[in-house]
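1. The sequence isn't on hand, but the structure is:
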């Protein structure tokens, strides 16, 4: 039988070739041969290649499919903004329909208000980033002059998009922002909380690409909603603010506060994360952190070059109702430390779990070559969860219950390092010198892990020293003479590293029903050949147990990193030369 071929006609009816009227007039359209189209193969295209019972049936399916394909291509328009000004870009976006591409020309503009994108479109500027050379060709430059009194606080672009099926692996971007330089402005020298690009809504296919985040007074991105996707081939030049991004999945699975993310497995190696890959991050001045996360966040950092940053960071289930970070994969990155003023640690976890592998740490050796684990509620009385002191129903407590109680003989004295407090109690309580016991002022609710209990047998009293955090003034543990105390012990803390899937938080119950789910580290090395691992901190945080909560070895379950590059990076449109081959 002959091979049957069909190609789109070179000359289409005028009504198919003309762009929409209005603001889009004069712009081109995406045809099936356009490699920049944000649309990939639709389900309809599969019908072109299904067997037919007759030649007529085959031609019928072919023509029907081609009509659908042409119809889909015609729906997507390219709209050219007149300039990079806020007004012109806003006007172009307003005229765009779902699936359209708004092209912003080269030039420089100052934006004094937040650009809102509330439909799935592509917004494409002319900046490009060279990952190999670690440079940006800054063409479309937006100065961040957004008022810091705005609501939400000062994102340059606020995306609020609900599109796509979260249970279907993404293959083409539904929302694309590409080719912009976002630059800090001397007119707005104060920080902002929500990132240059704030991603909200529900969408499985968001892509940010070829953007230069240049000396901003805020982090590059902030995910707030339920967003999967990728940020690729971006250059982050950090000089004034400390974060590349703040990750969160507050509305995961239709819940609030990140609860939904904590009711599911980690989904290691899947698309159900926000990915950052092939990024270059330079800290131009002393900085501490690269990425932060809370609200059930799930993020992946891979194949990136990171300079002078302690990159892996999370918030826990601590201050406020929000849950902590849920899951992180960090692998195949090159992390360089250029001087002793740069952070000497790869980071730390305050909740959630981590797969940490095949990273290279170059330059000066790390001072503490491990990802440290901590549970801040053991020394801060956060609301509404309260102190993890061994008698809190949200945690797993020592079934022994109360170990000791009494009143303070002396007022507390702040320690020399200003992160501990000491006071005397009656009797010999040196048995609690080690073992991870907690002491709490039952009058104020403040307390912390006991770091030392030194008995003075002559005076029949014991000097008790416990932790607190100088980051929260309200956490400073103080005792006045006669203040009541109790000593208990917490064994594990809600949402700490080593815990996974549980239930939506409602009424307090031990660990919220969470199952065991460990973190793993393997094949992470420094230039001097030493390993970079996961560790329970120094001094050790007593609620973490190696071999239960974390392992410095590959996981025992089947794990394969997700497709690299991310499918959204290589998304292309279907060809126009469709063929039917028997």
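-> Received it, and whenever you're ready, just let me know what you need. The structure presented is a predicted model; accordingly, all values stated were derived computationally and were not measured.
2. Please count neighbours and contacts with C-alpha atoms only from this point.
-> Noted.
3. Please determine how far residue 207 is located from residue 170.
-> 11 Å (C-alpha to C-alpha, to the nearest Å).
4. what touches both of those two?
-> With contacts taken as C-alpha atoms under 8 Å, 6 or more residues apart in numbering, residue 207 and residue 170 have residue 568 as neighbours in common.
5. Output the below-cut-off pLDDT ranges for the stretch 101-250 of the chain.
-> Flagging of the stretch 101-250 of the chain using pLDDT under 70 yields the residue ranges 241-242.
6. out of all of them, which strand in the protein is the longest?
-> In the chain, taking DSSP state E as the definition, the longest strand is strand 197-209.
7. now for the helix or strand just after that one, which elements pack on it?
-> The element immediately downstream of strand 197-209 (helix or strand, assigned by DSSP states H and E) is strand 212-214. Packing partners of strand 212-214 (3 or more C-alpha pairs under 8 Å, 6 or more residues apart in numbering; DSSP states H and E): strand 181-184, strand 235-238.
8. which residues touch the last one?
-> Think strand 235-238. Residues from elsewhere that reach strand 235-238, judged by C-alpha under 8 Å, 6+ apart: 129, 131, 134-136, 210-216, 220, 244, 279-285.
9. residue ranges for the helices of the protein, please.
-> Listed in chain order, the helices of the chain (DSSP state H) span 14-17, 55-75, 86-95.
10. I'd like the average pLDDT over the second one.
-> In other words, helix 55-75. Mean pLDDT, taken over the full extent of helix 55-75, equals 44.
11. returning to what we had before: tell me the most buried of the helices and strands packed on strand 212-214?
-> Between the helices and strands packed on strand 212-214, the one whose residues have the most neighbours on average, counting mean count of other C-alpha atoms under 10 Å, is strand 235-238 (a mean of 26).
12. in its sheet, what does that strand sit against?
-> Using DSSP bridges, strand 235-238 pairs in its sheet with strand 212-214 (parallel), strand 280-283 (parallel).
13. what's the most buried one of those?
-> Relative to the other members of the strands paired with strand 235-238, strand 212-214 carries the highest mean neighbour count by mean count of other C-alpha under 10 Å, namely a mean of 26.
14. what comes into contact with it?
-> Applying C-alpha under 8 Å, 6+ apart, the contact partners of strand 212-214 are 127, 129, 136, 138, 180-184, 220, 234-238.
15. how about a cut-off of 6 Å?
-> Strand 212-214 is touched from outside by 181-183, 234-237, with contacts defined as C-alpha atoms under 6 Å, 6 or more residues apart in numbering.
16. I'd like the distance from it to the chain centre, please.
-> 18 Å (C-alpha atoms, centre = their mean, to the nearest Å).
17. quick one on the thing from earlier: tell me what the longest strand of the chain is packed against?
-> strand 157-162, strand 175-178, strand 221-223, strand 226-232 (3 or more C-alpha pairs under 6 Å, 6 or more residues apart in numbering; DSSP states H and E).
18. Could you check the angle it makes with strand 226-232?
-> 50 degrees (axes from the mean of the first three to the mean of the last three C-alpha atoms, to 10 degrees).
19. Compute the inter-axis angle for strand 197-209 and strand 157-162.
-> 80 degrees.
20. beta partners for the residue nearest in space to the middle of the chain?
-> For the chain, the residue sitting closest to the mean C-alpha position, by C-alpha atoms, centre = their mean, is residue 247 at 2.7 Å. When bridges are taken as DSSP bridges, the partners of residue 247 come out as residue 293.
21. what sits against it?
-> Under the criterion of C-alpha under 6 Å, 6+ apart, the contact partners of residue 247 comprise 222-223, 293, 297.
22. and which of the residues you listed is nearest residue 524?
-> Taking C-alpha to C-alpha as the measure, residue 524 sits nearest to residue 293 out of these, at 22.1 Å.
23. Need the per-residue pLDDT for that closest one.
-> Residue-level confidence at residue 293 comes out at 95, pLDDT.
24. how many neighbours does it have?
-> Here the number of neighbours of residue 293 (other C-alpha atoms under 10 Å) works out to 29.
25. Could you do the one 4 residues further on as well?
-> Close neighbours of residue 297, defined as other C-alpha under 10 Å, add up to 32.
26. still on that earlier bit, turn the helices and strands packed on strand 212-214 into TSV, including distance to residue 86.
-> Written out in TSV, the entries for the helices and strands packed on strand 212-214 read as follows (distance: least, C-alpha to C-alpha, whole Å):
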stretch	distance to residue 86
strand 181-184	13
strand 235-238	23
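27. Could you check the ones you listed and tell me which one is nearest residue 157?
-> Between residue 157 and the helices and strands packed on strand 212-214, the shortest separation by C-alpha to C-alpha is 10.2 Å, and it involves strand 181-184.
28. Check which helices and strands that closest one sits against.
-> In terms of contact count using 3+ C-alpha pairs under 6 Å, 6+ apart, strand 181-184 is assigned the packing partners strand 140-144, strand 212-214.
29. could you check the angle helix 86-95 makes with the longest one?
-> Orientation check (the same axes, to 10 degrees): strand 140-144 against helix 86-95 gives 110 degrees.
30. Pairing partners for strand 140-144, with directions?
-> Strand 140-144 has the following strand partners under DSSP bridges: strand 107-111 (parallel), strand 181-184 (parallel).
31. Give me the contacts around the shortest one.
-> Where contact means C-alpha under 6 Å, 6+ apart, the residues beyond strand 181-184 that reach it are 138, 140-144, 211-216.
32. Closest one of those residues to residue 569?
-> residue 211 (13.8 Å).
33. and that closest one, what are its phi and psi?
-> Phi and psi for residue 211, reported as degrees, to the nearest 10, are phi -110, psi 150.
34. can you start the count at 19 instead of 1 from here on
-> All set: I'll call the first residue 19, so the last point we hit is now residue 229.
35. Run a quick neighbour tally on it.
-> Around residue 229 sit 30 other residues, with neighbours defined as other C-alpha under 10 Å.
36. go on, residue 524?
-> Burial of residue 524, expressed as a neighbour count using other C-alpha under 10 Å, amounts to 7.
37. gap between the two ends of stretch 336-347?
-> The first residue of stretch 336-347 is 22 Å away from its last residue (C-alpha to C-alpha).
38. pLDDT on that stretch, on average?
-> Mean pLDDT, taken over the full extent of stretch 336-347, equals 96.
39. can you check stretch 432-440 too?
-> Confidence for stretch 432-440, expressed as mean pLDDT, is 77.
40. Mind listing residues that contact stretch 189-197?
-> Residues from elsewhere that reach stretch 189-197, judged by C-alpha under 6 Å, 6+ apart: 58, 138-146, 223-229, 585-586, 589.
41. returning to that earlier point: mind putting the helices and strands packed on strand 199-202 into CSV with distance to residue 213?
-> As requested, the helices and strands packed on strand 199-202 are exported to CSV (distance: least, C-alpha to C-alpha, whole Å):
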stretch, distance to residue 213
strand 158-162, 11
strand 230-232, 10
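42. Dump the strands paired with strand 158-162 to CSV, plus distance to residue 556.
-> As requested, those are exported to CSV (distance: least, C-alpha to C-alpha, whole Å):
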stretch, distance to residue 556
strand 125-129, 46
strand 199-202, 37
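43. just so I know, which of these lies nearest residue 288?
-> Checking the strands paired with strand 158-162 against residue 288 by C-alpha to C-alpha gives strand 199-202 as the closest, at 30.4 Å.
44. chain center to the closest one, what's the gap?
-> Here the centre of mass of C-alpha atoms in strand 199-202, compared against the chain's by C-alpha atoms, centre = their mean, lies 21 Å away.
45. Repeat that for stretch 242-260.
-> Remark: stretch 242-260 is offset 9 Å from the chain centroid, using C-alpha atoms, centre = their mean.
46. ok, now stretch 572-580?
-> With C-alpha atoms, centre = their mean as the basis, stretch 572-580 stands 21 Å off its chain's centre.
47. Please identify the buried residues of that stretch?
-> Taking 16 or more other C-alpha atoms under 10 Å as the basis for neighbour counts, the residues of stretch 572-580 that come out buried are 572, 580.
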